Every structure is written in C-alpha cells, then in structure tokens.
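Peer 1: sequence? don't have it. structure:
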C-alpha cells in the first residue's frame, strides 16, 4: 500500500507523508514514525519474557520511544520543495535520504 500511495503522489506531483520509513524509499517525500527496528527488538524481549514464564497481563504496556523523520531529497528536488535545515530542530534525528531503491 505504501508503494502505491507514494507512486500515485509522485505521478500527480504531490508531496506525500508516510508513517513507515519505507514510504520514503518508495518515493514518498517525508516519513515520520517509530523506529521499526526498535519496535521489533522490544517485541522480541516481550516474547522472551513470556517464554520464560512471565504473564502477559502482568507486563507493562510499552510505547515507542524513538521516532524518525526521513526526507527523500530526490523526491523533494523533483517536486521543487526546499528542505530547510530542520535537523537542528529535531535534535539530529532527521535523516536526509539520497533516494534508496527497493526495486
């Protein structure tokens, strides 16, 4: 779904924002969401604790702690969007992507 959304936005020269980081890899302009790698690592720790006998009902609910802002520079350029120096505003948690390919 992310791929189709990003491609449709590009086809109509519209910027798109995505929750998952791979949306920018498909050509989306910006993504902002939890660090998926960290989410899966934490899920693995939950599974480990359950397999060792912990009761899921007794385990605390954890929310993502890290979020990533990704900007696809190739898409920004093709749309004529100027990206300001936003990395300082986000505490250095902004990744400016040269445009990776998932094909």
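Peer 2: Cool, the structure landed. Remember, it's a predicted structure, so these values are computed and weren't measured experimentally. Residues are numbered from 1 along each chain as shown.
Peer 1: hmm, who's touching the longest helix seen in the chain?
Peer 2: Counting by DSSP state H, the longest helix found in the chain is helix 36-51. Helix 36-51 has contacts (Cβ atoms under 8 Å, 6 or more residues apart in numbering) with 20-21, 56, 59, 62, 64-66. Quick note: C-beta positions are derived from backbone N, CA and C, even for glycine.
Peer 1: of all those residues, which two lie farthest apart?
Peer 2: With distances taken as Cβ to Cβ, the most widely separated pair in those is 21 and 56, at 28.1 Å.
Peer 1: With neighbour numbers in mind, choose between these two.
Peer 2: residue 21 (21 against 8; other Cβ atoms under 10 Å).
Peer 1: Quickly note the distance from the more buried one to residue 75.
Peer 2: As for residue 21, its distance to residue 75 is 14 Å (criterion: Cβ to Cβ, to the nearest Å).
Peer 1: Most neighbours among the contacts of helix 36-51, which one is it?
Peer 2: Most neighbours among the contacts of helix 36-51, by other Cβ under 10 Å: residue 21, with 21 neighbours.
Peer 1: my read: it touches residue 70, true?
Peer 2: Yes. With contact defined as Cβ atoms under 8 Å, residue 21 reaches residue 70; the gap is 5.4 Å.
Peer 1: For the two, list the residues in contact with both.
Peer 2: Contact criterion Cβ under 8 Å, 6+ apart; residues shared by residue 21 and residue 70: residue 31.
Peer 1: could you give me the average pLDDT of stretch 32-39?
Peer 2: Averaged over stretch 32-39, pLDDT sits at 85.
Peer 1: How about it, which residues are buried there?
Peer 2: For stretch 32-39, the neighbour count (16 or more other Cβ atoms under 10 Å) marks 32-35, 39 as buried.
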